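1. Requesting a structural model of the entry that follows:
(one chain, ligands or ions: 2)
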Amino acid sequence: MFNDLPGFVFFTGKGGVGKTTIAAAVAAELAARDHILATKGARLDAQGRAMLEEDLRSPCTEEIAVFQAFSRVIREAGRKFVVMDTAPTGHTLLLLDATGSYHRDVLRHAGEASSRMTTPMMRLQDADKTKVLIVTLAETTPVLEASRLHDDLRRAGIEPYGWVVNASLAATGTTHPLLAARAATEAPEIAAVRDTLAARHAVVPMLAEDPVGTDRLRALVGHATELA
Ligand SMILES: Nc1ncnc2c1ncn2[C@@H]1O[C@H](COP(=O)(O)OP(=O)(O)OP(=O)(O)O)[C@@H](O)[C@H]1O
Ligand SMILES: [Mg+2]
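-> Numbering: from 1, shown residues only. Ligands and ions are numbered 1, 2, ... in the order given. Sure thing, here's the model as predicted:
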């Protein structure tokens with residue numbers, strides 16, 4: 001995945017599935033591979049995160065500022081890596097809504113000049129510039145919600161690049177009877193992701209301790225089984 005990542009990598013999914021962890025792990029891996037690019041990315045990230053946190057607390061007037069920050073980040077990604085973490089699903093859909101309205105507005109007002117313009121929406125829809133990754137757990141409801149999110153993104157003209165199945169017990173290779181029984185329940189979910197839902201996916205094992213800090217985050221990427 002790292003070899004063909006474009007500028008803008010966008011992680012989305014329902015609450016608590018590990019979006020922030022996976023986004024941080026990917027950012028840490030990119031940072032290790034290219035220190036300079038990622039340092040800039042990290043700074044943008046912190047700023048973006050502050051804006052998004054602000055957005056969650058504020059009424060909708062703040063959404064304009066968040067959308068502007070979002071657009072700027074997408075633009076920056078033309079020149080460098082930007083890894084974006086999001087708040088749970090509803091927030092992603094809100095951002096897409098704002099991006100779509102802006103896109104339609106710009107085109108309506110630009111007239112003939114519109115053929116020379118690139119809106120943030122157009123960058124999101126361009127698979128060479130943006131890769132959207134859906135993070136889920138290998139459980140029935142999270143997978144169902146992730147597939148709805150996939151459909152919503154597709155309706156917005158954005159084809160998700162792939163799925164990350166996080167915190168998988170099956171991927172730990174546990175032999176403990178209780179854990180192994182739990183792990184077996186993941187099999188049909190992972191099969192559905194592999195066979196029908198995702199263009200490509202990676203399975204990340206559940207760790208005994210929170211993957212905090214650069215070393216553990218990078219180890220998480222190392223443990224991931226990437227499956228086409
Ligand atoms: N593979 C894993 N193994 C063990 N713990 C994990 C793993 N992935 C994430 N966690 C832990 O699960 C918790 C939730 O993860 P995280 O905060 O990344 O989820 P999120 O999707 O960003 O949540 P939110 O929707 O609230 O933003 C954290 O405590 C994190 O350390
Ligand atoms: Mg998070």
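2. Now for this protein, the helix or strand with the poorest mean pLDDT.
-> Of all the helices and strands that make up the chain, helix 35-57 has the lowest average by mean pLDDT, DSSP states H and E, namely a mean of 55.
3. continuing past that one, what's the next helix or strand?
-> helix 61-76 (DSSP states H and E).
4. Go through that following helix and flag the buried ones.
-> Glu63, Val66, Phe67, Ala69, Phe70, Ser71, Arg72, Val73, Ile74, Glu76 (16 or more other Cβ atoms under 10 Å). Just so you know, the C-beta spots here come from the backbone N, C-alpha and C atoms, and that holds for glycine as well.
5. Those into CSV, with extra columns for pLDDT and distance to ligand 1?
-> Shown next, in CSV, are those (pLDDT from 0 to 100; distance: Cβ to the nearest ligand atom, whole Å):
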residue, pLDDT, distance to ligand 1
Glu63, 66, 18
Val66, 74, 16
Phe67, 80, 20
Ala69, 81, 18
Phe70, 84, 17
Ser71, 85, 22
Arg72, 84, 22
Val73, 83, 18
Ile74, 83, 20
Glu76, 80, 22
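6. Quickly check these for the two that are furthest apart.
-> Glu63 and Glu76 (20.0 Å; Cβ to Cβ).
7. ok, the spatially closest residue to Pro211 that is not a sequence neighbour - contacts?
-> Leaving aside its chain neighbours, Pro211 sits nearest to Leu220 (4.9 Å; criterion: Cβ to Cβ, 6 or more residues apart in numbering). Leu220 is in contact with Thr21, Ile22, Ala25, Val204, Leu207, Pro211, counting by Cβ atoms under 8 Å, 6 or more residues apart in numbering.
8. Look at the residue lying closest to Arg194 once chain neighbours are set aside and say how many residues are nearby.
-> Nearest residue to Arg194, sequence neighbours excluded (Cβ to Cβ, 6+ apart): His201, at 6.1 Å. Counted with other Cβ atoms under 10 Å, residues neighbouring His201 total 21.
9. I'd assumed Asn166 was in contact with His201.
-> No. Using Cβ atoms under 8 Å, His201 is not in contact with Asn166, being 10.8 Å away.
10. Could you give the average pLDDT over stretch 12-32?
-> Mean per-residue pLDDT for stretch 12-32: 90.
11. Off-centre distance for it?
-> 7 Å (Cα atoms, centre = their mean, to the nearest Å).
12. swap in stretch 197-209?
-> Distance, stretch centre to chain centre, for stretch 197-209: 13 Å (Cα atoms, centre = their mean).
13. Ends of that stretch, what's the gap?
-> 29 Å (Cα to Cα, to the nearest Å).
14. separation between the residue nearest to Arg194 and Ala24?
-> 19 Å (Cβ to Cβ, to the nearest Å).
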